[in-house]
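Asker: This is the structure alone, sequence omitted:
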DNA sequence: CGGATTCTTGAAGTCGCTCAACGAACGTGG
DNA sequence: CCACGTTCGTTGAGCGACTTCAAGAATCCG
């Protein structure tokens, strides 16, 4: 089924860039940490938070730095990565607006991975010590914080099984569908978006070589499932991508022109 | 370096099986949820907790069940697994005494994986709603709970990169070293333990076939790095296992007889 | 425009999988 | 205690998916 949604905005992934620095007026408040809070609670959260702008390739934090803050992405994209014994980068995650970064560091007290902006971006800095104070006073914030941590566990568990058990085609199809779903959840076009990562980063993320990623793109394009122009991707045939992502054979009917 | 530690107890992984049902007298209290709590706090936690015995192959919970409780393993071993689209089991984790199970379900409200006892085991059941109440009143419990959730995130992130980037030898070496370290942390022999999982489960966990696991065992044994007799494993050459686990070539000197 | 980077495509190689058969361990009942 | 069936583990041979190596094309950016 061909469904190129062009009516929605492209995935600039920027909330209304208000000059005020408040959660209460942030367009992400229902996706991010403040979900479900009342006005006065939002006000208290506001007091903790500072904003920080980053340019493309800036480090939000580096591996091994002491943990002080959690970060909520306001706009832009980040990648988190670890370095292996040979100093090679291994990409652990891709974060976009509304995502919380740094939760893996609470336990150890230092960031076990680094985070880099994939484009000009902005984050909300949340000092963890102060957040903990607030959590004790605000049941709804506590509940939602636990939900977010739990979701991160579930997400990584899925990713773990995904990398362990799926073949290249499945991984790539699921990667596209995952991006699509995340953009849709943020109100952006589900079927038309820019890849923020290079082929190299994508390959690294999916544990495939850059050549394999390139071949998969060509293959999917030739089958009429996607359209690719540099980093612009349009999903033309969600059904087939879904079938492939589940390890099923392609569905009979391919997308017509 | 040959180091077969035989003086420590084998990994029965059982705390002193006291008849009292209290965290305060549990030998795991410094590994488990109550870490760092005072006597009165321990008492409050005790009130929440009930114990549950399971026999080998019993389900602690099943995939999709509504989330009500977290579980702390008191003794025994569990595996957590998901079922894929074809109903095949994919092992997501191996839990032993002191480990907390079920955290991935807080966010969604239902268990996204199932948990099965690998041998006769016992867990502490912790009703989550009541735990949340307690968390708001006990800062140290809250902090430790967040540490445990965070550690779970970090652990799964590592596992994710591990499955994505490592080859069979590395995976298996790391698997053995990981078990060794976890048993050591619990006061059991680091270099001599029983595998609680079948070859099939191990293969599934490491995303390898049962044949590959078998070949790796034979290979490591022939190189003098381990001794294997059925499910009994003795680590003879930690240094080489470490080298292999990091993707390095074996160190020159193999273990002498 | 020109150099560097990123991406694509082809050919050859390899690691782990599949398929198949055999052997060892377990446990149930005689 | 042994006989027997079943489950679990080992080993070998061939194959396939993805990688590696290599070269060339497109794109970016000063």
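Answerer: Arrived safely, thanks for sending. Everything numeric here is computed off the predicted structure, so don't read it as measured data. Numbering: from 1, shown residues only, chains lettered A, B, ... in the order given.

Asker: Helices of the stretch 151-257 of chain A, residue ranges please.
Answerer: A:168-185, A:199-206, A:210-222, A:238-245 (DSSP state H, counting those that start in this stretch).

Asker: Report the secondary structure state of residue A:35.
Answerer: Classification of residue A:35 using DSSP: H, G, I helix; E, B strand; the rest coil returns coil.

Asker: for residue A:66, what are its contacts?
Answerer: With contact set as C-beta atoms under 8 Å, 6 or more residues apart in numbering or on different chains, residue A:66 has these partners: A:109-111. In this view, the C-beta of every residue, glycine as well, is placed from N, C-alpha and C.

Asker: Are any of those residues buried, and if so which?
Answerer: Applying 16 or more other C-beta atoms under 10 Å in any protein chain shown to those, the neighbour count classes residue A:111 as buried.

Asker: Walking through chain A, point out its strands one by one.
Answerer: Using DSSP state E, the strands of chain A run over A:50-54, A:59-61, A:69-75, A:78-83, A:89-95, A:100-101, A:114-117, A:121-127, A:192-194, A:226-229, A:232-235.

Asker: Of all the ones you listed, which one comes closest to residue B:78?
Answerer: strand A:89-95 (25.9 Å; C-beta to C-beta).

Asker: Within its local environment, how many residues does the closest residue to residue A:232 other than its chain neighbours see?
Answerer: Computed as C-beta to C-beta, 6 or more residues apart in numbering or on different chains, the closest residue to residue A:232 that is not its neighbour in sequence is residue A:194, at 5.8 Å. By other C-beta atoms under 10 Å in any protein chain shown, the residues close to residue A:194 number 17.

Asker: what do you get for residue A:193?
Answerer: 23.

Asker: returning to what we had before: including mean pLDDT and distance to residue B:170, could the strands of chain A go into TSV?
Answerer: Listed next are the strands of chain A as TSV, based on pLDDT from 0 to 100; distance: least, C-beta to C-beta, whole Å:
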stretch	mean pLDDT	distance to residue B:170
strand A:50-54	93	34
strand A:59-61	95	28
strand A:69-75	95	32
strand A:78-83	95	15
strand A:89-95	95	13
strand A:100-101	96	28
strand A:114-117	96	22
strand A:121-127	95	34
strand A:192-194	95	35
strand A:226-229	94	34
strand A:232-235	96	33
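
Asker: possible to save the ones you listed as CSV with distance to residue B:96?
Answerer: Output for the strands of chain A, formatted as CSV (distance: least, C-beta to C-beta, whole Å):
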stretch, distance to residue B:96
strand A:50-54, 41
strand A:59-61, 32
strand A:69-75, 30
strand A:78-83, 25
strand A:89-95, 25
strand A:100-101, 29
strand A:114-117, 31
strand A:121-127, 34
strand A:192-194, 43
strand A:226-229, 44
strand A:232-235, 43
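
Asker: Can you tell me what sits against stretch A:34-42?
Answerer: For stretch A:34-42, using C-beta under 8 Å, 6+ apart, the contacting residues are A:22-24, A:26, A:29, A:45, A:138, A:140-141, A:143-144.

Asker: Quick one: end-to-end length of that stretch, please.
Answerer: With C-alpha to C-alpha, to the nearest Å as the measure, stretch A:34-42 spans 7 Å from end to end.

Asker: circling back to that earlier point, kindly indicate which of the contacts of stretch A:34-42 lies nearest residue A:185.
Answerer: residue A:29 (14.1 Å).

Asker: List the residues that contact the closest one.
Answerer: Taking C-beta under 8 Å, 6+ apart as the test, what residue A:29 contacts is A:23, A:35, A:37, A:42.
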